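Participant: got a predicted model here, sequence first, then my questions.
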Amino acid sequence: MRPTTSTIAIVGALAATVKAQVYCGVNLTLARLDNTINWNAVPYTDDAFAYMANLSLAQGPDPPANATGIDVHSHMVLPWYAVVEPVIAGEPTPPWSTTAHLEFAAEFGKFILVSRINHTVIASSAPGANVYPGNEAATITTARLINLSLAVLTACRPQRFSFFASMPLPYGTAAVTEATYALNTLGASGVALLTNHEGIYLGNAQVTPLFKYLNSRPEAYTIAYVHPNVPYLREGNGATLVVANPTRYIPGLFEFFYETARMLMDLTMSRTLDTYPKVRLIAAHCGGSFASVLDRMLKSTGDANFETLYKGIYASRVWWDSAGPEYPRQVTGIEAYVPQSQLVLGSDYPFAPTVSYAPAFAGLNSDPNVNVTAIRHDNALTLLGPWLRW
């Protein structure tokens, strides 16, 4: 519903009574006057707004002249978020700053000489907006605070950053509202989803309103970047969430790869990907373990047409990022099903173990079977070009 003239006048009058906080075109004063958001639902609203001002002033080195890499899998860790989520996927939440991130991008050449990063599409990592499971108001507010923060950063450094907006799933109607605001008002390049939101996978009917909305937008397509989450089970009547990690090892080490496979299986068997053909997916870590179970899943249906349809979708409407040591060996699994035009660069900064960056990107740089230029730049530009901030 469009705001009435009287509503606009009231909002304008309220904004005029305080000094407007506008950072690189992002009007935080008007944003905070949005009474559809319960700003009191979380204890960190004031801290989040205060830090947005710092984001507008952040500095960092410019990329070298030969920097052309586009990183589609990278993260922002806000200080107020790290306080409430001190451990993510079993490991201490890493420190982050704009300056440190830009320094990493400038130094990326030590890992892959032909691919210093020029532009990063940044997003929140798991658990995203789901800081307070089962609390819809808190999830909605957290998503908005993350997205406003990302909007300020990218508006102030548009040559270096774009962003995928966090979604307050599993609350489908709220996710549609947030996607509309993030894409239309904040300038997001797409939406950031998790493999599961509070144990609800993306093929679930609760997520359908969001896919339906993304598919209905006027653009040729809309991008949904999907990051692995810790797996959960719902106990009893579904009110209790239990971490479903069956081993003593941290979820980020193994379960994230299985989570991406579960997500892709769910979107396939629920027919979500062919029902909503205008959604383009970015799957993390070259699809995790999906390639090893893909044929088993499709052939178990006994439907040759279904198998052909979905193998075509994986090869044309899903992009597979390289976050982690995927080259030169793991990538061969998904390469059996998709052309190299679907492979894109990802760093996983700042969550990947420091010791992993060198072997991960040295593997890509030395792989004789791939077009490194296409993976580090061309393929991402084809997918994201119209939606990048620059």
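Facilitator: Good, I have the coordinates.
Participant: tell me where the model's unsure across this structure.
Facilitator: 1-19, 64-65, 108-115, 354, 356-363, 365-366 (pLDDT under 70).
Participant: residue closest to the middle of it?
Facilitator: Ala192 (3.4 Å; Cα atoms, centre = their mean).
Participant: for that residue, what are phi and psi?
Facilitator: With angles defined as degrees, to the nearest 10, Ala192 sits at phi -110, psi 120.
Participant: beta-bridge partners for it, please?
Facilitator: Listed by DSSP bridges, the beta-bridge partners for Ala192 are Ser166, Tyr225.
Participant: that one against Leu169, yeah?
Facilitator: No. Under the criterion of Cβ atoms under 8 Å, Ala192 makes no contact with Leu169, lying 10.3 Å away. Glycine gets a C-beta too; all of them are placed from N, C-alpha and C.
Participant: and the longest helix for the protein?
Facilitator: helix 136-156 (DSSP state H).
Participant: mind listing what Phe49 touches?
Facilitator: 21, 28, 32, 145, 148 (Cβ atoms under 8 Å, 6 or more residues apart in numbering).
Participant: switch the residues you listed over to TSV; also include distance to Pro43.
Facilitator: Shown next, in TSV, are the contacts of Phe49 (distance: Cβ to Cβ, whole Å):
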residue	distance to Pro43
Gln21	21
Leu28	19
Arg32	16
Leu145	12
Leu148	17
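Participant: re earlier: so what's the residue nearest to the centre of the chain up against?
Facilitator: When contacts are counted by Cβ under 8 Å, 6+ apart, Ala192 is found next to 123-124, 128, 164-167, 224-227.
Participant: switch the cut-off to 6 Å
Facilitator: Each residue near Ala192 by Cβ atoms under 6 Å, 6 or more residues apart in numbering is listed here: 123, 164, 166, 225.
Participant: just flag the most distant two among those residues.
Facilitator: Ser166 and Tyr225 (10.5 Å; Cβ to Cβ).
Participant: ok, the two, which is more surrounded?
Facilitator: Ser166 (29 against 25; other Cβ atoms under 10 Å).
Participant: I figured the more buried one hits Pro127, correct?
Facilitator: No. The pair Ser166 / Pro127 is not scored as a contact, 10.0 Å apart, by Cβ atoms under 6 Å.
Participant: ChimeraX command to pick out the buried ones of the contacts of Phe49?
Facilitator: Per 16 or more other Cβ atoms under 10 Å, the buried members of the contacts of Phe49 correspond to this ChimeraX selection:
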select :21,28,32,145,148
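Participant: ok, the contacts of Phe49 vs Met265, which is closest?
Facilitator: For those, the residue nearest Met265 by Cβ to Cβ is Leu145; the value is 32.3 Å.
Participant: excluding chain neighbours, what is closest to the closest one?
Facilitator: Ala48 (4.2 Å; Cβ to Cβ, 6 or more residues apart in numbering).
Participant: wait, a strand at the one you found?
Facilitator: No. Per DSSP: H, G, I helix; E, B strand; the rest coil, Ala48 lies outside any strand segment and is helix.
Participant: what is the burial count for it?
Facilitator: Ala48, neighbours per other Cβ under 10 Å, totals 21.
Participant: for Ile334, same thing?
Facilitator: Other residues near Ile334 come to 24 when the count uses other Cβ under 10 Å.
Participant: is it true that it lies in a helix?
Facilitator: Yes. The assignment for Ile334 by three-state DSSP puts it in a helix.
Participant: hmm, Cys286 and it touching each other?
Facilitator: Yes. Between Ile334 and Cys286 there is a contact under Cβ under 6 Å: 5.0 Å.
Participant: which residues do these two both contact?
Facilitator: Trp320.
Participant: from Val84, how far off is the residue nearest to Leu145?
Facilitator: Separation of Ala48 from Val84 (Cβ to Cβ, to the nearest Å) stands at 11 Å.
Participant: does the closest residue to Asp367 other than its chain neighbours sit in a helix, a strand or a coil?
Facilitator: In space, Asp367 comes closest to Pro328 once its chain neighbours are excluded; the distance is 3.8 Å by Cβ to Cβ, 6+ apart. Using three-state DSSP, the structure places Pro328 in coil.
Participant: give me the number of residues near Pro328?
Facilitator: Neighbours around Pro328, by other Cβ under 10 Å: 16.
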